Each structure stands twice: as structure tokens, then as C-alpha cells.
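S.K.: A predicted structure for the sequence below; I have some questions about it.
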Amino acid sequence: MGRKRFDSASFLSKVGKGRTIVPCPKGHVIFRQGDPAEAVFYVQSGRIKLTVVSERGKEAVVAVLNPDSFFGEGCLNGQALRLFSAAAMIDASVLRIAKKEMLRVLQAEPAFAARFMSYLLERNTRVEEDLVDQLFNSSEKRLARVLLLLANFGKDRQPEPILPKISQELLAEMASVDALVSAVGD
């Protein structure tokens, strides 16, 4: 008799050992830049905005995350403090996975490790595309790209209208030279 098959969807949807669901009303800060990095997070619903503040106090949006996105994984490679802040753009729910539990599951469950690795590789590709976009395209083209990414245009899923109210200021930050939108949509 073999062991029970691991269910990634169930693992990412329920409270369990080292896992808690965090309800995040709009504006709720999940963690701040400089906080201890002790867990990985998974977006179950809503949208999460990742921001970084420079030493001069300038804030930049580095990512807008949709459901099925991971963030805060820097703790897995020894990052002691958060490099950015995370807050809910709209009402959201995130799963907090303690570092020890995440490492255990990644080592024990190859299917989950493959899912997580695939997510990280896709996000890395988007970061590279965003960097090229920042270096070589005009602000108008960057803004157009951000809007298309927010609407999931060209993805496997159907394009969706941008329902959350996004201010012109936030869009400008996302398209500016100072802000890389590294993980918009999936």
C-alpha cells in the first residue's frame, strides 16, 4: 500500500501545520520592508501590491499579484529581512506558510516543488521582460504593457476587465523607470 497522493490545491487552500489563512481587507499590510522574513505567502483571492521604499523615501511598486501567486520566498534562501512591503489592493485572502513547513513540503513533495519552481521561473521571465521594457521602451509603451498584463491579455485565461479602481498615480508608478512590475498576473 503506497502513501496518500499529495494534493497541492488542498495544501494551498486550507489551514494546517505551519499554515494560516490571513484575511486582508483593502489596504491591510501583510508585512513591511525590513520585517523578519519567516514565511512564504500564497494569494488565494484578491490582489496584493508589493512596494519598496528607497533610502530617500521614494516608494515604487515592484509587483501586483493576482490569485495563485507566491511571494516572500526570499526567506527560503536565507533572506533574514523583507526587501519590500506587501499590502492588499482590494479585499484578499493569503495563505501564510511558515518557512520550516514550506521547506519540508518542497523536499517531500516533488509535484508541489515542480509547481513552485514553475511559478518562480515564469515570474523570473516576467522580471527579465520588465527590465527590457524599462530600459528600451517609452513610458507610453510601458503603460500599455502594464494595462495588457493587468487584463491578462495574451494569457491562457480569457482577458478580464480591470475591475479594481487603480489610480493614475499607481499606473504611473507601475510604468515609470523607477518601478518594475515584476509579477503582474499569472
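M.R.: Done, it's in.

S.K.: Go ahead and confirm Val105 touches Phe11.
M.R.: Yes: using C-beta atoms under 8 Å, Val105 is in contact with Phe11, at 6.8 Å. Using the backbone N, CA and C atoms, a C-beta is placed for each residue, glycine as well.

S.K.: List the residues that are in contact with both of these two.
M.R.: Phe112 (C-beta atoms under 8 Å, 6 or more residues apart in numbering).

S.K.: burial count for the closest residue to Arg19 other than its chain neighbours?
M.R.: Nearest residue to Arg19 in three dimensions, chain neighbours excluded: Ile97, at 5.3 Å (C-beta to C-beta, 6 or more residues apart in numbering). Look at Ile97: counted by other C-beta atoms under 10 Å, it has 26 neighbours.

S.K.: swap in Ala88?
M.R.: Neighbours of Ala88 (other C-beta under 10 Å): 22.

S.K.: List the buried residues in the lengthiest helix in the chain.
M.R.: For the chain, the longest helix by residue count, based on DSSP state H, is helix 110-136. The neighbour-count check on helix 110-136 (16 or more other C-beta atoms under 10 Å) flags Phe112, Arg115, Phe116, Tyr119, Arg123, Arg126, Val127, Asp130, Asp133, Gln134 as buried.

S.K.: sorry, back to before: my read is the residue nearest to Arg19 is in a helix, agree?
M.R.: No: using DSSP: H, G, I helix; E, B strand; the rest coil, the assignment for Ile97 is strand, not a helix.

S.K.: so what pLDDT did it get?
M.R.: pLDDT for Ile97: 98.

S.K.: how far away is it from Glu122?
M.R.: 19 Å (C-beta to C-beta, to the nearest Å).
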